[in-house]
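Peer 1: Sequence and predicted model, in that order:
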Number of protein chains: 2
Amino acid sequence: MTMSERPTGDETLGGISERETLTRIFPRLPRASAALVGPGDDAAVLRAPDERYVVTTDMMVHGPDFRWAWSSPYDLGWKAAATNLSDVAAMGAVPTALVVAIAAPTATPVSHLLAFADGLRDACVALAPGCGVVGGDLSVSDTFTIAVTAFGDLEGRAPVLRSGARVGDVVAVSGDLGLAATGLRLLFERAVDAAGEPSRERFEDVLREHPEAVTAQLRPRPPIGDGPLAAVAGATAMLDLSDGLALDARRIADASGAAVDIDPTVLVAGRPDIALADGEVIAALTGGEDHSLLATFPPDVELPGGFRAIGRVVAGSGLLVAGRAFDERGGWDPYVGWNGGTG
Amino acid sequence: MTMSERPTGDETLGGISERETLTRIFPRLPRASAALVGPGDDAAVLRAPDERYVVTTDMMVHGPDFRWAWSSPYDLGWKAAATNLSDVAAMGAVPTALVVAIAAPTATPVSHLLAFADGLRDACVALAPGCGVVGGDLSVSDTFTIAVTAFGDLEGRAPVLRSGARVGDVVAVSGDLGLAATGLRLLFERAVDAAGEPSRERFEDVLREHPEAVTAQLRPRPPIGDGPLAAVAGATAMLDLSDGLALDARRIADASGAAVDIDPTVLVAGRPDIALADGEVIAALTGGEDHSLLATFPPDVELPGGFRAIGRVVAGSGLLVAGRAFDERGGWDPYVGWNGGTG
């Protein structure tokens, strides 16, 4: 069979060159409006109009961070973009660009990388218009691994750090609380076969029955635009909720030398019409990976965008729920939480 | 045995939290003088005094890119920094900062990550003073993987692209040619056991007998300072020699719409006193991973720093050696060159 007869879907990374693969990927990726020099040279050159830029990096590894039985390559590209855009937004910055390094097994179909690129693109277009991909790297690995570094523009504003909360500030959140963790729990409980291994067939059922939670986990839509809005409104501290509200609220409290007191009656997973049971409160407090924005605002500020009040900054230290110390750790630590044998 | 009695050398990533690991690593890393906000928040904030910044990313994967039998964790940290700094320098920029994401098996000793951090630091101090680490990420993976993204400051100059070479320009190189590839060849040929597997014991012998070549491969010292010097001197095009002189010279030729003609009599591996045999000329032309700088300069320019003339830009296309077309590809393509079964 000659090259031109070979069905594209059969091609693998091992069968064509890195250069050829990149040649196919790059046209699918969004252009960054901040790029002065885009992909293709030793490095890209980006604009920094206010003489500063924001930088964050994150890795996603097959096994601990995703499983092909549950995530499509498109989902994965989307999530790799969304989770990094969210860290940029949590500084109060507008995301401008990404660089993306991928290490993949040689048997990976080229079509998977193209779908991954489509997911990256669609997430940028949907969540952070103008943000594009300005560079990348392709390597071979037995373990599919993605490393994204994201950049942002503070537009002349001060960065919103975790350390600026003051006693009396309102604690507010934009985005879901616990929904992504509920999705992950459902996947681990129900989208597995009899041996406990992730199953694509079972996954389809779970997705059909719980589309909101599963989609929040696999294709999150963090409120990127609310990051800069919070900064403009005067947010005193802000974090991306990657590790769960309890852990991230405690981080703001500790860094700011105060306590955060959460009102459990308003911890609704993006559904202000639904009152939560106790277990749901715990899920909202401890579930990670929502990539919602947690911010503190002076008490007289009208909360911008999708922010809703969930508590107060008070004198003291650590995290309180309804005025009482909340010690459950919550969140996700890859070294403690991950058992290589299960996935 | 209590925590305080446990020898530090026994601790693994799986045994302590990500946060604890990062707490130990960050004090060892160099601070970036360009950092306005360093590690510890959602993102770092860096200065861009001329309203632009340079960005490049690269991944190193255990197996295709390094083997523990040959690379110490310190070597690996050094190389991860050096190879990225070189891409920044090849734009004519001064390296300012790195972000570093690592995915490691849970059984990895914490001491390995600390040694890796020491290598990163020492490479920055030695090759690009003022450049520091401003952020990172730690993940779990069966495959040890490192992703570095590096940043640079053009100091008001135009970036030196691959596309600016003009007929009549001098082609010059700073740094070794083929030495790193010679080191790699020696390792594959001689630092292996009877079954062809990388061997630490055999490695020690090869290192003792060929310290220059092996060190060029494992702990490269690219001429970072010569990148900005070339830009100041008026370099018309520049590339980092990661894929070998033949391939990278052809890239400059193709991007610039001209041909590059290399003089084989001056292709010396950092040793102008030694005349090369034919095989050594081929090695100098096709060996990758030197991370030397290849640049073109107008004919009237006095070559700066460590640059030495090795050829001319002439009318035509592609790569010539002594005026004749040179078609040997050279270079390193991970998808074609890597056989997962061998190591």
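Peer 2: Alright, I've got the coordinates.

Peer 1: Which parts of the stretch 51-200 of chain A are strands?
Peer 2: A:52-61, A:94-104, A:132-140, A:145-153, A:170-174 (DSSP state E, counting those that start in this stretch).

Peer 1: and the residue of the stretch 101-250 of chain A nearest chain B?
Peer 2: For the stretch 101-250 of chain A and chain B, the shortest gap (C-beta to the nearest C-beta) falls at A:Ala147, measuring 3.2 Å. All C-beta spots, glycine's among them, are computed from the backbone N, C-alpha and C.

Peer 1: A strand includes A:Asn243, no?
Peer 2: For the record, residue A:243 is Asp, not Asn. No - going by DSSP: H, G, I helix; E, B strand; the rest coil, the assignment for A:Asp243 is coil, not a strand.

Peer 1: and it, backbone torsions?
Peer 2: Phi and psi for A:Asp243, reported as degrees, to the nearest 10, are phi -110, psi 10.

Peer 1: these two touch, right, it and A:Thr286?
Peer 2: No - between A:Asp243 and A:Thr286 there is no contact, the gap being 9.4 Å when judged by C-beta atoms under 8 Å.

Peer 1: Looking at these two, which is more packed in?
Peer 2: A:Asp243 (23 against 20; other C-beta atoms under 10 Å in any protein chain shown).

Peer 1: Would you map the helices across chain A?
Peer 2: For chain A, applying DSSP state H gives helices covering A:18-25, A:73-89, A:110-127, A:179-190, A:200-209, A:211-218, A:226-233, A:245-256, A:278-286, A:334-337.

Peer 1: mind putting those helices in CSV, distance to chain B included?
Peer 2: Formatted as CSV, the helices of chain A follow (distance: least, C-beta to the nearest C-beta, whole Å):
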stretch, distance to chain B
helix A:18-25, 5
helix A:73-89, 4
helix A:110-127, 10
helix A:179-190, 16
helix A:200-209, 22
helix A:211-218, 18
helix A:226-233, 9
helix A:245-256, 8
helix A:278-286, 16
helix A:334-337, 5
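
Peer 1: wait, which of the strands of the stretch 51-200 of chain A is closest to A:Leu207?
Peer 2: strand A:52-61 (20.0 Å; C-beta to C-beta).

Peer 1: what are the phi and psi angles of the closest residue to A:Val125 other than its chain neighbours?
Peer 2: With sequence-adjacent residues excluded and distances taken as C-beta to C-beta, 6 or more residues apart in numbering or on different chains, A:Val125 is closest to A:Pro30, at 6.2 Å. Main-chain dihedrals, A:Pro30, degrees, to the nearest 10: phi -70, psi 150.

Peer 1: Verify the stated contact: A:Pro30 with A:Ala128.
Peer 2: No - between A:Pro30 and A:Ala128 there is no contact under C-beta under 8 Å: 9.4 Å.

Peer 1: what about these two, which has more around it?
Peer 2: A:Ala128 (28 against 22).

Peer 1: hang on, A:Phe151 packs against A:Ala97?
Peer 2: Yes - between A:Phe151 and A:Ala97 a contact is recorded at 4.7 Å, counting by C-beta under 8 Å.

Peer 1: Any chance you could list residues touching both of these two?
Peer 2: Taking C-beta atoms under 8 Å, 6 or more residues apart in numbering or on different chains as the contact rule, the neighbours common to A:Phe151 and A:Ala97 are A:34, A:46, B:55.

Peer 1: which residues does the first one contact?
Peer 2: When contacts are counted by C-beta under 8 Å, 6+ apart, A:Ala34 is found next to A:46-47, A:96-97, A:130, A:151, A:153.

Peer 1: which of the residues you listed are close to chain B?
Peer 2: Subset of those in contact with chain B: A:46-47, A:97, A:151, counting by C-beta under 8 Å from any C-beta of the partner chain.

Peer 1: Pull stretch A:170-181 out as CSV, backbone CA atoms only.
Peer 2: Extracted in CSV, the C-alpha atoms of stretch A:170-181 (Å, rounded to 0.1, in the frame of the first residue of the first chain):
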residue,chain,number,x,y,z
VAL,A,170,-16.3,38.9,51.8
VAL,A,171,-15.2,35.5,50.6
ALA,A,172,-16.7,34.7,47.2
VAL,A,173,-16.6,32.0,44.6
SER,A,174,-17.2,31.9,40.8
GLY,A,175,-17.9,28.5,39.3
ASP,A,176,-18.9,25.1,40.6
LEU,A,177,-18.0,23.7,44.0
GLY,A,178,-17.5,19.9,44.2
LEU,A,179,-19.1,19.1,40.9
ALA,A,180,-15.9,17.9,39.2
ALA,A,181,-15.0,15.8,42.3
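
Peer 1: and the helices of chain A, which is most packed in?
Peer 2: Scoring these by mean neighbour count under mean count of other C-beta atoms under 10 Å in any protein chain shown gives helix A:73-89 as the most buried, with a mean of 27.

Peer 1: wait, doesn't A:Arg200 sit right on A:Ala69?
Peer 2: Yes - the pair formed by A:Arg200 and A:Ala69 meets the contact definition of C-beta under 8 Å, at 4.7 Å.

Peer 1: just checking, A:Val239 touches A:Ser163?
Peer 2: You called it Val, but residue A:239 is Leu. No - checked against C-beta under 8 Å, the pair A:Leu239 and A:Ser163 is beyond contact range at 10.5 Å.

Peer 1: Need the overlap of contacts for those two.
Peer 2: A:Ile252.

Peer 1: Quick one: neighbours of the residue of the stretch 101-250 of chain A closest to chain B, just the number.
Peer 2: 34.

Peer 1: Quick test: name the residue nearest the centre of chain A.
Peer 2: A:Thr83 (1.9 Å; C-alpha atoms, centre = their mean).

Peer 1: Model confidence for that residue, exactly?
Peer 2: Predicted confidence (pLDDT) for A:Thr83: 97.

Peer 1: Also A:Arg24?
Peer 2: For A:Arg24, pLDDT reads 91.

Peer 1: So it is in contact with A:Ser111, correct?
Peer 2: No - using C-beta under 8 Å, A:Arg24 makes no contact with A:Ser111, being 9.8 Å away.

Peer 1: A:Ala104 contacts A:Ile146, correct?
Peer 2: No - taking contacts as C-beta under 8 Å, A:Ala104 lies outside contact range of A:Ile146: 9.0 Å.
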